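J.: sequence and predicted structure below; questions after.
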Amino acid sequence: MKLGYSIGYWSSGPPADVPGVLAEAERLGFDSAWTSEAYGSDCLTPLAWWGSTTSTLRLGTNIMQMSARTPAAAAMAAMTIDHLSGGRFVLGLGASGPQVVEGWYGLPYPRPLARTREYIAIVRQIVARGGPVEFDGEFYQLPLRGGTGLGKALKSTLHPRRTEIPIFMGAEGPKNVALAAEIADGWLPFLFSPKANDFYAAALAEGFARDTARHTADTFEVCAAVPVIVHPNVEEAADFIRPFIALYVGGMGARTANFHRDVVARLGYERECDTIADLYLAGRKKEAIAAVPTALVEDLALIGSPEKIKDELSRWRETVITSLLVQGDPGQLQQIADLFA
């Protein structure tokens with residue numbers, strides 16, 4: 001299992017000393033670093049800015065929201081950063097959810113899997129640069145169907161450094177995970193737990209079995225962002241993560257459509273998810289955070305003493321994960337690297 005570092009997305013401002021953290025991650029032999037976006041900072045600018053201080057880390061987006069950019073804009077950004085990084089870029093894409101897609105970007109959300117399939121097909125065609133790009137899909141047409149009639153099929157003026165840039169998919173539901181296994185080069189899970197490994201392995205296997213699959217399980221990557229906190233007191237360590245879980249279970253999405261909540265509920269926490277969501281949506285955030293069980297935190301994160309974390313690592317190594325993307329105190333990277341050695 002490789003190690004990566006999850007920079008994540010900004011809250012009210014940028015995180016401190018990211019160049020120093022990435023320098024330490026490179027020194028320790030980490031494989032990758034990843035940025036995110038929600039509805040504030042974007043994921044590309046920080047990756048290019050901070051990535052310029054690195055030399056070996058793969059640089060990925062986890063995730064770039066598809067609704068934020070047309071397929072052509074995503075392909076342009078991918079080819080640009082791939083050149084600037086010397087061929088180290090990984091394009092992590094995701095559909096996000098209706099709250100963000102319709103509320104922030106003002107675009108329709110329905111049928112995200114079909115949109116994703118078309119989106120990635122166009123990105124691959126642009127990056128391959130085999131000729132002028134033509135695509136006549138349900139959601140995307142190049143040139144646009146029914147416009148002025150003046151649109152012309154175009155080929156990128158930029159010659160890509162690589163005619164195939166790795167594309168990873170953020171996915172949570174079984175159909176979307178299967179789609180990732182079929183059309184992408186890797187999967188970016190969210191709120192992953194070893195308890196759900198068989199569920200996800202089956203979804204991946206379904207995708208690999210399709211005639212159009214690009215990979216087998218042996219060549220496919222699964223890079224999961226996992227909170228890791230080395231701390232002598234498990235309850236105090238869990239307190240650092242409870243707000244994060246409460247936010248995604250209770251506050252990220254509508255009551256009737258919250259894919260993050262569904263992921264946690266599948267782990268056996270249906271009743272707890274209802275309680276957290278009720279409290280969060282009622283504005284009682286502190287109570288919602290307190291309602292997150294420590295057992296749930298331990299299912300989703302590696303927390304506690306070095307000995308406890310080391311004992312628990314075996315069950316994570318037995319999962320479909322190929323890279324664990326560390327979320328946590330940058331000052332603990334050395335200690336974390338030692339535990340994984």
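T.: Cool, the structure landed. Numbering: from 1, shown residues only.
J.: can we go C-alpha only for contacts and neighbour counts from here?
T.: Will do.
J.: what strand or helix carries the spatially closest residue to Glu287 that is not a sequence neighbour?
T.: Sequence neighbours aside, Leu279 is the residue nearest to Glu287 in space, at 6.5 Å (criterion: Cα to Cα, 6 or more residues apart in numbering). Using DSSP states H and E, Leu279 falls within helix 270-281.
J.: what is that helix packed up against?
T.: helix 234-246, helix 259-265, helix 285-290 (3 or more Cα pairs under 8 Å, 6 or more residues apart in numbering; DSSP states H and E).
J.: could you list the residues in contact with the very next helix or strand once past the shortest one?
T.: This means helix 285-290. Using DSSP H and E, the next helix or strand after helix 285-290 towards the C-terminus is helix 294-300. In this structure, residues lying in contact with helix 294-300 by Cα atoms under 8 Å, 6 or more residues apart in numbering are 191-195, 226-227, 235, 238, 241-242, 245, 269.
J.: how about 7 Å then?
T.: 191-193, 235, 238, 241 (Cα atoms under 7 Å, 6 or more residues apart in numbering).
J.: I'd assumed Pro46 was in a helix, is it?
T.: Yes - per DSSP: H, G, I helix; E, B strand; the rest coil, Pro46 lies within a helix segment.
J.: chain neighbours aside, what residue packs nearest to it?
T.: Counting by Cα to Cα, 6+ apart, the residue nearest Pro46 is Thr35, at 7.3 Å.
J.: just checking, the one you found touches Gly4?
T.: No - in this structure, Thr35 is not within contact of Gly4 by Cα atoms under 7 Å, at 11.3 Å.
J.: just list whatever residues bridge to the closest residue to Leu47 other than its chain neighbours.
T.: With sequence-adjacent residues excluded and distances taken as Cα to Cα, 6+ apart, Leu47 is closest to Thr35, at 6.3 Å. In this entry, Thr35 is beta-bridged to Gly8, Thr61, by DSSP bridges.
J.: would you mind measuring from Thr35 to Gly51?
T.: 10 Å (Cα to Cα, to the nearest Å).
J.: okay, how far is it across stretch 204-212, tip to tip?
T.: 14 Å.
J.: packing partners of the lengthiest strand in the chain?
T.: When the chain is scanned for its longest strand (criterion: DSSP state E), the result is strand 221-230. Under the contact definition 3 or more Cα pairs under 7 Å, 6 or more residues apart in numbering; DSSP states H and E, strand 221-230 sits against strand 186-188, strand 302-304, strand 323-327.
J.: format those as a markdown table; extra columns: distance to Asp31.
T.: Formatted as a markdown table, the helices and strands packed on strand 221-230 follow (distance: least, Cα to Cα, whole Å):
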| stretch | distance to Asp31 |
| --- | --- |
| strand 186-188 | 15 |
| strand 302-304 | 19 |
| strand 323-327 | 8 |
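J.: could you export the ones you listed as TSV, including mean pLDDT, mean neighbour count and distance to Pro71?
T.: Putting those into TSV (pLDDT from 0 to 100; neighbours: other Cα atoms under 10 Å; distance: least, Cα to Cα, whole Å) gives the following:
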stretch	mean pLDDT	mean neighbour count	distance to Pro71
strand 186-188	98	27	18
strand 302-304	97	24	36
strand 323-327	97	23	26
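J.: quick one, which of these is nearest to Asp311?
T.: Relative to Asp311, the nearest member of these by Cα to Cα is strand 302-304, separated by 10.1 Å.
J.: packing partners for that closest one?
T.: On the basis of 3+ Cα pairs under 7 Å, 6+ apart, strand 302-304 makes packing contacts with strand 221-230, helix 234-246.
J.: turn those into CSV, columns for mean pLDDT, distance to Leu22 and mean neighbour count.
T.: Putting the helices and strands packed on strand 302-304 into CSV (pLDDT from 0 to 100; distance: least, Cα to Cα, whole Å; neighbours: other Cα atoms under 10 Å) gives the following:
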stretch, mean pLDDT, distance to Leu22, mean neighbour count
strand 221-230, 97, 16, 23
helix 234-246, 96, 22, 19
